[in-house]
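Asker: Predicted structure and sequence below. I'll ask about it afterward.
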Amino acid sequence: MNPVVAFVLDAAAGLVGVFAGVLLALWAERHREARQNAKEQAALEQDLLHSRRLVLSSVVKNTSEAKRLGSVLESDEDPYLFQISFELAVWEATQIQFMRLAALDEQVLFSRFFDQVARLMRLMEFHPQLRVQLELRQSTPDAGDRALFAQSAQRLRVVADDVRIDGLVVVTDLGEPMHKRLLGMHDLTAASSAA
């Protein structure tokens with residue numbers, strides 16, 4: 001065979017080999033990245049699911065406490081003789097991760113709910129302080145003092161009811177059957193599935 005033809009054939013074979021090798025390497029890298037992205041996405045979805053469950057459990061607890069506070073405020077008993085506690089620790093611990101992973105509507109629902117809980121907690125701190133100040137004064141509380149205390153109690157009832165309603169909305173939209181049962185919503189889900 002002619003040495004020029006042999007050289008051209010060898011050079012062409014080398015170029016085809018390099019080109020095919022580059023294409024094969026690019027294809028392999030693309031598939032490796034796709035598998036890695038799928039694995040990372042699955043891990044993020046698992047993190048979101050875990051965070052959502054934790055936060056929903058906190059929503060259930062706070063909603064139950066708001067309901068209990070509302071019923072205590074409606075009775076003639078002093079609500080501060082009872083242990084009513086709201087918790088924001090789970091939300092504060094998971095908020096950054098949750099906000100990074102969750103859809104916008106979930107972010108809005110949970111942020112609104114926990115903002116209402118924080119507002120209720122501030123009112124729960126203010127209300128007994130007001131009561132103590134009114135009762136410890138040297139003079140007897142007048143009609144204005146009693147009206148101020150009644151308005152404070154009414155505001156506390158309204159915000160507790162807002163927290164309860166927001167919690168029910170969050171659990172209805174995002175909760176699992178367990179969360180719904182804990183809030184006594186199992187009758188609603190059974191009735192809607194029977195219809």
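Answerer: In hand now; what should we look at? Numbers count the residues shown, from 1 in each chain.

Asker: and the longest helix for this protein?
Answerer: helix 3-74 (DSSP state H).

Asker: Just list what the helix or strand following it packs against, helices and strands only.
Answerer: Using DSSP states H and E, the helix or strand that directly follows helix 3-74 along the chain is helix 89-101. Helices and strands touching helix 89-101, as assessed by 3 or more Cβ pairs under 8 Å, 6 or more residues apart in numbering; DSSP states H and E, comprise helix 3-74, helix 104-136. For every residue, glycine as well, the C-beta is placed using N, CA and C.

Asker: between those helices, which one is nearest to residue 92?
Answerer: helix 104-136 (8.5 Å; Cβ to Cβ).

Asker: How far away from the center of its chain is whichever helix or strand comes after the closest one?
Answerer: The C-terminal neighbour of helix 104-136 among helices and strands, as given by DSSP H and E, is helix 143-174. Computed by Cα atoms, centre = their mean, to the nearest Å, the chain-centroid distance of helix 143-174 equals 21 Å.

Asker: Can you give me the buried ones in helix 143-174?
Answerer: 145, 149, 152-153, 156-157, 159-164, 166-171, 174 (16 or more other Cβ atoms under 10 Å).

Asker: Likewise for stretch 36-55?
Answerer: 48, 51-52, 55.

Asker: Repeat that for stretch 91-99.
Answerer: 91, 94-95, 98.

Asker: Return the member of the residues you listed nearest to residue 21.
Answerer: Nearest to residue 21, judged by Cβ to Cβ, of the buried residues of stretch 91-99 is residue 98 at 45.4 Å.
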